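# quick one, what's the 3D model for this:
(2 chains)
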Protein chains: 2
Amino acid sequence: MSTPHYLALSGGVGGAKMAYGLAQVLPADALVVAVNVGDDFEHLGLTICPDLDTVLYTLSGRVHPEQGWGRADESWGVRDELRRLGVDTWFLLGDRDIALHLLRRELLQQGRTLSQVSLELARRLGIGATILPVSDQAVRTMVDTDRGRLAFQDYFVRLRCEPVLRSLDFEGAPSATLAPAVRSALASPDLAGVILCPSNPYLSVAPMLAVAELRERLRALSAPVIAVSPIVAGEAIKGPTAKIMRELGVQPTAAVVAELYADFVDAVIVDHADAQLAASDPRFDVAATVMKSAEQKAALARHCLALIDALRSGRLPQP
Amino acid sequence: MSTPHYLALSGGVGGAKMAYGLAQVLPADALVVAVNVGDDFEHLGLTICPDLDTVLYTLSGRVHPEQGWGRADESWGVRDELRRLGVDTWFLLGDRDIALHLLRRELLQQGRTLSQVSLELARRLGIGATILPVSDQAVRTMVDTDRGRLAFQDYFVRLRCEPVLRSLDFEGAPSATLAPAVRSALASPDLAGVILCPSNPYLSVAPMLAVAELRERLRALSAPVIAVSPIVAGEAIKGPTAKIMRELGVQPTAAVVAELYADFVDAVIVDHADAQLAASDPRFDVAATVMKSAEQKAALARHCLALIDALRSGRLPQP
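Just a heads-up that it's a prediction; the model follows:
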């Protein structure tokens, strides 16, 4: 990277919206998105990377606009036939989605890393930004619940987050390292800043931070690191974040989210609904964080870049 | 097997039609179909078994009625998206076909043999007859042509049999053994007879016979072995059999086909168009071998069973 660039750390739907906003306001070569792989799993012989797929589909304009994941204009010929063959199709894969997965499988079988495959898929989807898995090694989120220990997709999709969560761990994380291009982006003197997208801190961000190298590099970074809170007025914008926080015995507030990242984050952007946080603590910044339209995504992205710029020039964020 | 049973050896389209006829006139537990695996290959991470699939689709009533392979009422969502992703989709896989392949891949990854997987797929498709690969080991047809050495599907599908064929060989065949259930069917005292379906002798039957154990067991068999000629009046009913025979320097006649199997076949059924062969040689039997309707398939199947019955009772076939 020879131009100033930004690194976004993203989970699925909420993170992808933030990344989409950043892609709107930054030149293509100024944005690197490192994506959670803790949700990845093997299903029907395919390597499914739900968060990478959501980022790929969102940034290429192919995402299903209402649900925020999966493909728009999807067809279901394969799923319908699998059902006729007696296969339990609890994980929804449409025909277009399956096409991407067949291509990913083929590229992986050629011996390419998940990073190389993700770059290739992004290229074929016409995405200018650099999309990477946080690690090329397997990191698998496991949840201990009142119904026992479950693989993530079992808990998240098949059981719809119904089991009460007791703890999480990330298999493979202790030995995992950053994907080489993510490490390069972090080590580059041209790194302008890091944006932690508004993703679930436990299910999406924690598996990334479980790669110890990431947390260490973020702590040591001279460029600003900012986070956007996924919690607004005590509730998650989407998904089970608030439910999970309560089950883990913590209050679902933006302040608690900020505490999780306190060792490496310079500022946390909270929604106007949580503006009282910023009144007493200069680490908090306030913006409209609920992203529905493309304009809202771009506006929040511009706000992030302005905050990073302010932090770089030594000015405190504006409460 | 405790009841009298018949073993059919089948390639793709023509063989599947014969097997369909046999399935119409025999009880489900009286028919074992052993299928060529020489055309099998890996594509998009899927294990594709063209002849097994054609037999499965034909016997379950799902085959495309005009082309004789692939699925009726197929949709193409995955293929269309693969094309948009820049993937060369020279091998046609429809959505329903892909569903079967994803299930096969999953079952194989569970550690099951191709035999076990084929039995499971047949069960799920509602087929009563026993459908098996001739071998659970990989046997791969390779062709030497005027455009060099080619994998079978490269030659057959991608290049549409256009290269001039010089010779064939079957990688893996020297170390391959019969699938256990095919061996059992051949070794059983209840085996009433073997029917070599009207499949391409070079591309479909030769890879089966290249498994040395098959040819040895057929030679030693006390039950009758009959073949149905795929050549009618010097031409193949379908496919490149006649072209290939000419390129290999032999006349495309039913007599030449019979010669290929002379060491183990008791009788060869030829079409009425080749009735002159039967006039001078009692090893030939005459029937209507062009199978278009279900009735024609059943009639030829009944003719096969009657011929086997005659051979078992020591009567010569009727010229």
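
# helices of the stretch 51-200 of chain A, residue ranges please.
With DSSP state H, counting those that start in this stretch as the criterion, the stretch 51-200 of chain A has helices at A:77-84, A:95-109, A:114-124, A:152-153, A:180-187.

# export those to JSON lines and tack on mean pLDDT, distance to chain B and mean neighbour count?
Quick note: C-beta positions are derived from backbone N, CA and C, even for glycine. Below are those laid out as JSON lines (pLDDT from 0 to 100; distance: least, CB to the nearest CB, whole Å; neighbours: other CB atoms under 10 Å in any protein chain shown):
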{"stretch": "helix A:77-84", "mean pLDDT": "97", "distance to chain B": "3", "mean neighbour count": "20"}
{"stretch": "helix A:95-109", "mean pLDDT": "96", "distance to chain B": "3", "mean neighbour count": "22"}
{"stretch": "helix A:114-124", "mean pLDDT": "98", "distance to chain B": "5", "mean neighbour count": "20"}
{"stretch": "helix A:152-153", "mean pLDDT": "92", "distance to chain B": "15", "mean neighbour count": "20"}
{"stretch": "helix A:180-187", "mean pLDDT": "98", "distance to chain B": "22", "mean neighbour count": "18"}
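
# would you list the ones you listed in CSV and tack on distance to residue B:108?
Shown next, in CSV, are the helices of the stretch 51-200 of chain A (distance: least, CB to CB, whole Å):
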stretch, distance to residue B:108
helix A:77-84, 16
helix A:95-109, 14
helix A:114-124, 22
helix A:152-153, 22
helix A:180-187, 33
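
# nearest to residue A:282 among these would be which one?
Nearest to residue A:282 among these is helix A:180-187 (25.6 Å), distances taken as CB to CB.

# remind me what the closest one packs against, helices and strands.
Helix A:180-187 sits against strand A:5-10, strand A:31-35, helix A:114-124, strand A:130-133, helix A:212-220, with contacts defined as 3 or more CB pairs under 8 Å, 6 or more residues apart in numbering or on different chains; DSSP states H and E.

# which outside residues touch that helix?
Applying CB atoms under 8 Å, 6 or more residues apart in numbering or on different chains, the contact partners of helix A:180-187 are A:1, A:5, A:7, A:32, A:34, A:115, A:119, A:130, A:132, A:134-136, A:177-178, A:191, A:194, A:213-214, A:217-218, A:221.

# of the residues you listed, keep whichever come out buried.
Among the contacts of helix A:180-187, those classed as buried by 16 or more other CB atoms under 10 Å in any protein chain shown are A:1, A:5, A:7, A:32, A:34, A:115, A:119, A:130, A:132, A:134-136, A:178, A:191, A:194, A:214, A:217-218, A:221.

# what residues does chain A have near chain B?
Counting by CB under 8 Å from any CB of the partner chain, the residues of chain A close to chain B are A:44-46, A:75-82, A:84-87, A:94-96, A:98-100, A:102-103, A:105-106, A:109, A:121, A:124-125.

# C-terminal to the lowest-mean-pLDDT helix or strand in chain A, what's the next element?
When the helices and strands of chain A are scored by mean pLDDT, DSSP states H and E, strand A:235-236 comes last with a mean of 84. Next along the chain after strand A:235-236, taking DSSP states H and E as the criterion, comes helix A:241-247.

# mind giving me the packing neighbours of whichever helix or strand comes after that following helix?
Sequence-wise, the next helix or strand downstream of helix A:241-247 (DSSP H and E) is helix A:254-260. For helix A:254-260, the packing partners by 3+ CB pairs under 8 Å, 6+ apart come out as strand A:231-232, strand A:267-271, helix A:275-280.

# residue A:172: which of these is closest?
Closest of the helices and strands packed on helix A:254-260 to residue A:172 is strand A:231-232, at 27.8 Å (criterion: CB to CB).

# and the contacts of the closest one?
For strand A:231-232, contacts defined as CB under 8 Å, 6+ apart pick out A:241-242, A:245, A:252-254, A:256-257, A:270-271, A:273-274, A:289-290.

# partners of it, with directions?
Here strand A:231-232 is paired, per DSSP bridges, with strand A:235-236 (antiparallel).

# pLDDT at the closest residue in space to residue A:62 that isn't next to it in sequence, what is it?
Closest residue in space to residue A:62, ignoring its immediate chain neighbours: residue A:71 at 5.6 Å, by CB to CB, 6 or more residues apart in numbering or on different chains. According to the prediction, residue A:71 has pLDDT 96.

# now do the one 3 residues further on
You'll see residue A:74 listed with a pLDDT of 96.

# equivalent analysis for residue A:316, please.
For residue A:316, the predicted pLDDT is 56.

# so which elements touch the lengthiest helix in chain A?
Determined from DSSP state H, the single longest helix within chain A is helix A:294-312. Under the contact criterion of 3+ CB pairs under 8 Å, 6+ apart, helix A:294-312 touches helix A:13-25, strand A:191-196, strand A:225-228, strand A:267-271, strand A:284-287.

# take those and write them to JSON lines, including mean pLDDT.
Listed next are those as JSON lines, based on pLDDT from 0 to 100:
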{"stretch": "helix A:13-25", "mean pLDDT": "97"}
{"stretch": "strand A:191-196", "mean pLDDT": "98"}
{"stretch": "strand A:225-228", "mean pLDDT": "98"}
{"stretch": "strand A:267-271", "mean pLDDT": "97"}
{"stretch": "strand A:284-287", "mean pLDDT": "96"}
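
# looking at those, which is nearest to residue B:65?
Across the helices and strands packed on helix A:294-312, closest to residue B:65 is helix A:13-25 (CB to CB), at 44.5 Å.

# can you dump the C-alpha atoms of the closest one in CSV for me?
C-alpha atoms of helix A:13-25 as CSV (Å, rounded to 0.1, in the frame of the first residue of the first chain):
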residue,chain,number,x,y,z
VAL,A,13,-24.6,-7.6,8.4
GLY,A,14,-23.9,-4.4,10.5
GLY,A,15,-20.2,-4.5,9.7
ALA,A,16,-20.8,-5.0,6.0
LYS,A,17,-23.1,-1.9,6.0
MET,A,18,-20.3,0.1,7.6
ALA,A,19,-17.8,-1.3,5.1
TYR,A,20,-20.2,-0.4,2.3
GLY,A,21,-20.3,3.2,3.5
LEU,A,22,-16.5,3.3,3.7
ALA,A,23,-16.3,1.9,0.1
GLN,A,24,-18.6,4.7,-1.0
VAL,A,25,-16.4,7.5,0.3
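
# fine, thanks again, bye for now.
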